[in-house]
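In: Got a sequence here, can you build the structure:
(chains A and B)
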Number of protein chains: 2
Amino acid sequence: MQADVSAAPEGPELDSIETDVRALALRAREASRVLASTTTARKDGVLLRVAALLDGPAALEILAANARDLAAAQAAGIAPAMLDRLRLDEKRLAAVADGVRAIVDLPDPVGDVVHDRTLPNGLRVKRVRAPLGVIGIVYEARPNVTIDAAALCLKSGNAVILRGGKEAFETNAALAKVVGEALRAEGLPEAAVSTLGTTDRRATLALIRQSGLVDVVIPRGGEGLIRFVTENAKVPVIQHFKGVCHVYVAGDAAPEMALAIVRNAKVQRPSACNAAETVLVDRAIAESFLPKLAQALPEVELRGCDATCALVQRAKPATSEDWDTEHLALVLNVRVVDDLDDALTHIAAHGSLHTEAIVTRDPVKGERFVREVDASLVLVNASTRFNDGYQLGLGAEMGISTSKLHAYGPMGLEELCTLRWVAHGEGQIRK
Amino acid sequence: MQADVSAAPEGPELDSIETDVRALALRAREASRVLASTTTARKDGVLLRVAALLDGPAALEILAANARDLAAAQAAGIAPAMLDRLRLDEKRLAAVADGVRAIVDLPDPVGDVVHDRTLPNGLRVKRVRAPLGVIGIVYEARPNVTIDAAALCLKSGNAVILRGGKEAFETNAALAKVVGEALRAEGLPEAAVSTLGTTDRRATLALIRQSGLVDVVIPRGGEGLIRFVTENAKVPVIQHFKGVCHVYVAGDAAPEMALAIVRNAKVQRPSACNAAETVLVDRAIAESFLPKLAQALPEVELRGCDATCALVQRAKPATSEDWDTEHLALVLNVRVVDDLDDALTHIAAHGSLHTEAIVTRDPVKGERFVREVDASLVLVNASTRFNDGYQLGLGAEMGISTSKLHAYGPMGLEELCTLRWVAHGEGQIRK
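Out: Here you go, the predicted structure:
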């Protein structure tokens, strides 16, 4: 995705790509006006149809499309981990369908009144949740994002334009067809959910430049993809950058709790963005704690500072890049810090505004950590793995924003909305 | 501001501008960490000092600087309306100081808990308001923005980098000096409020590209300025585009109320972005209403559709551009529409997501207008001029956002914050 756009061929072909994307965005915009005032029952009706098709009559066609994608990916020599992310089977498809049913069960945010006040002049002013409009999603291989994103956008009254990865092209087309069928059956415009129809990067570029038609672009995927979108977009972007998450074990931490939290944060799902990459251990307890840590994480490769390596034989010296790396694997950086201040300095330098945790018995230390660390979720005495829409009680989510603008943390249905003002008067004018 | 940046000279000079801006942004970032945990009392202390200096010991120096700016602007042949916006006198300075005191009286948003819930696993999760971090403001001549913006950012715990117009350069420097003095006196970093120190457009460009250091840029000024920032920024932008606001007078509207609202919306302050530019009149009442409208707006130039021109002798034919123009003057477009649908179609085509009003006695029509019109404020039976932080009960504001992302409508102190998650546990890990 690190496109050198200036090197792309110009001429009629490019013009026609841009014209097509603009036309697509215009249709999405029109559909978004319809969706904004569609009832909850009708939106849920579409979602239930999508779910029923996914684990029913459409399953065969989707799995056949997925098999073609898998064969092409295998032929292209794609890594086994990527292949696994790309693969759908009946069980996974049923899980995707259940995810859609779970979104049906979530409350519709559109129309929520979050502020209602009558001013001294009698004007009644409210702030009401309303859809953003048209959302562009640019994502990589995982095909479940196609359905998750479509379902979340529909439920929140938004039209969506999906641009998935080229490895999942056939699968995504089959999935989008299912959504189109469900929209049609409920009498809603099919343009409410559309796919770019090409993975040509010039089309992606055209999509993220549709100022006035596309309200926001959400890139989901690796850092390269997110940087490409951020650097080139002319519409607002909600960034989901990498998670370099820390657990700081204070000198007064209960060792058993600290070990359980670090283990959970690192091992439970190392490929997740809210997995821990670095543990910071207070010098006061390093000598007793670090050997226990090494013992508690037998399958994890440890990369340590000098003090760590002196205390843990199997630790390798960490490089300066390690402290800024999202390993997404069973690799953990370990650093001995002098105190809370030293930990705060390390996190300010290497944190990614994602998730940060402290383990301590001292509430004053906990509060200082909460106050001074900048991250979308700061935890005291709990695992970093809780930074997730389901875990925080939001329901399904559209990834975790590390932008502070608009949404910071998991993006649920409410975060796919804006708040607009509505005022009712009896002829009030301004004095 | 329509900079052709590619034509700017490259070389060591540009390098040094970029280095300087980066250093400035880094200092602002460090100051933002201090401000984020500064108490309300201390922030208010700075603001009270600023106010006391403005209408006290610093007034003479500021007015002298303003006199130099005015002389230069006059020599450059700047329009009288612009000169008036640039001018400060003792009375205006006192009003700016009072504006700062009003911000002292507003509640501090930082630390507000907007969600507090204990999950089934015992984890207590909150969403807490926190500063955005470093805010860049790029604005035009009006020097009061310098103090308003600094005061709003300080109160909400943000560091700010100000880039004012070149016409007000000396005035802005004198105003910024006052803020620096107040920060120093309270022991806070002066880098909490800084000015770019040059109006070189390459420095502005460097400022709006400081990804990772500047959290958001807010452009305030004409459409050209806002487009320049939107097109060139690499950091998130909150757009405040033009206001092409409509008043739709439904067939059942009480004529007296409609006349009063249209007059207020157009005449009370025509240079404001929430002033009306177009009135849409239902065909059913056009014959009786339009002559009354013309009579009620003797000082306003009317530009009408054919039907309007046939009914109002002094109306000139509107051009196709008029319907999309923010006149900012005593000029009003008038169009006869068939019905509510026709009005909705016109507003969807020509509205600017700013402020839209309907005058009607029929609550069903009112609700349909509210539901289907997309604007940061939709009013039923009240003047468009109410789209303003003070008027809607927010207190001072940083302009009116027409972005749907993050803030839609007046940006008060709360909109200068983000919501972050905080979780307290007793060792919870994810199953």
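
In: okay, CA-based contacts and neighbour counts for the rest of this
Out: OK.

In: Can you show me the helices along chain A?
Out: Assigned by DSSP state H, chain A shows helices spanning A:12-36, A:40-54, A:59-75, A:80-86, A:90-105, A:144-155, A:169-185, A:201-207, A:223-232, A:255-267, A:283-296, A:306-311, A:340-350, A:363-372.

In: The fifth one vs helix A:144-155, what angle?
Out: For helix A:90-105 against helix A:144-155, the angle between stretch directions is 20 degrees (axes from the mean of the first three to the mean of the last three C-alpha atoms, to 10 degrees).

In: Quick one: list the elements packing against helix A:90-105.
Out: Secondary-structure packing of helix A:90-105 (3 or more C-alpha pairs under 8 Å, 6 or more residues apart in numbering or on different chains; DSSP states H and E): helix A:40-54, helix A:59-75, helix A:144-155.

In: which bits of the stretch 1-150 of chain A sit near chain B?
Out: A:Arg33, A:Ala36, A:Ser37, A:Leu119, A:Leu123, A:Val125, A:Leu132 (C-alpha under 8 Å from any C-alpha of the partner chain).

In: repeat that for 10 Å
Out: A:33-34, A:36-37, A:111, A:117-121, A:123-127, A:130-133 (C-alpha under 10 Å from any C-alpha of the partner chain).

In: Give the ChimeraX command for selecting the buried subset of those.
Out: The ChimeraX selection below is limited to those of these classed as buried (16 or more other C-alpha atoms under 10 Å in any protein chain shown):
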select /A:33,34,36,37,111,123,124,125,126,127,130,131,132,133
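
In: any idea which of the helices and strands packed on helix A:90-105 is most buried?
Out: Comparing the helices and strands packed on helix A:90-105 by mean neighbour count (mean count of other C-alpha atoms under 10 Å in any protein chain shown), helix A:144-155 comes out on top with a mean of 25.

In: hang on, the earlier thing: now render the helices of chain A as a markdown table, adding distance to B:Leu392 and mean pLDDT.
Out: Converted to a markdown table, those look like this (distance: least, C-alpha to C-alpha, whole Å; pLDDT from 0 to 100):
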| stretch | distance to B:Leu392 | mean pLDDT |
| --- | --- | --- |
| helix A:12-36 | 25 | 91 |
| helix A:40-54 | 30 | 98 |
| helix A:59-75 | 51 | 97 |
| helix A:80-86 | 49 | 87 |
| helix A:90-105 | 34 | 95 |
| helix A:144-155 | 30 | 95 |
| helix A:169-185 | 39 | 97 |
| helix A:201-207 | 36 | 94 |
| helix A:223-232 | 34 | 88 |
| helix A:255-267 | 45 | 98 |
| helix A:283-296 | 54 | 98 |
| helix A:306-311 | 57 | 98 |
| helix A:340-350 | 38 | 97 |
| helix A:363-372 | 31 | 96 |
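
In: Look through chain A and state the residue closest to chain B.
Out: Residue of chain A nearest chain B, by C-alpha to the nearest C-alpha: A:His406 (3.7 Å).

In: wait, what's in contact with the residue nearest to that residue when sequence neighbours are not counted?
Out: Distance criterion C-alpha to C-alpha, 6 or more residues apart in numbering or on different chains; nearest residue to A:His406, sequence neighbours excluded, is B:His406 at 3.7 Å. With contacts defined as C-alpha atoms under 10 Å, 6 or more residues apart in numbering or on different chains, B:His406 is in contact with A:404-407, A:415, A:417-419, B:238, B:415-418.

In: Which pLDDT value goes with the closest residue to A:Cys309 other than its chain neighbours?
Out: Excluding its sequence neighbours, the residue lying closest to A:Cys309 (C-alpha to C-alpha, 6+ apart) is A:Ala315, at 5.3 Å. Per-residue pLDDT puts A:Ala315 at 98.

In: now swap in A:Glu10 and tell me
Out: For A:Glu10, the predicted pLDDT is 51.

In: Could you tell me which residues of the stretch 201-350 of chain A lie near chain B?
Out: A:209, A:211-212, A:215-216, A:230-239, A:254, A:256-265, A:268-269, A:348.
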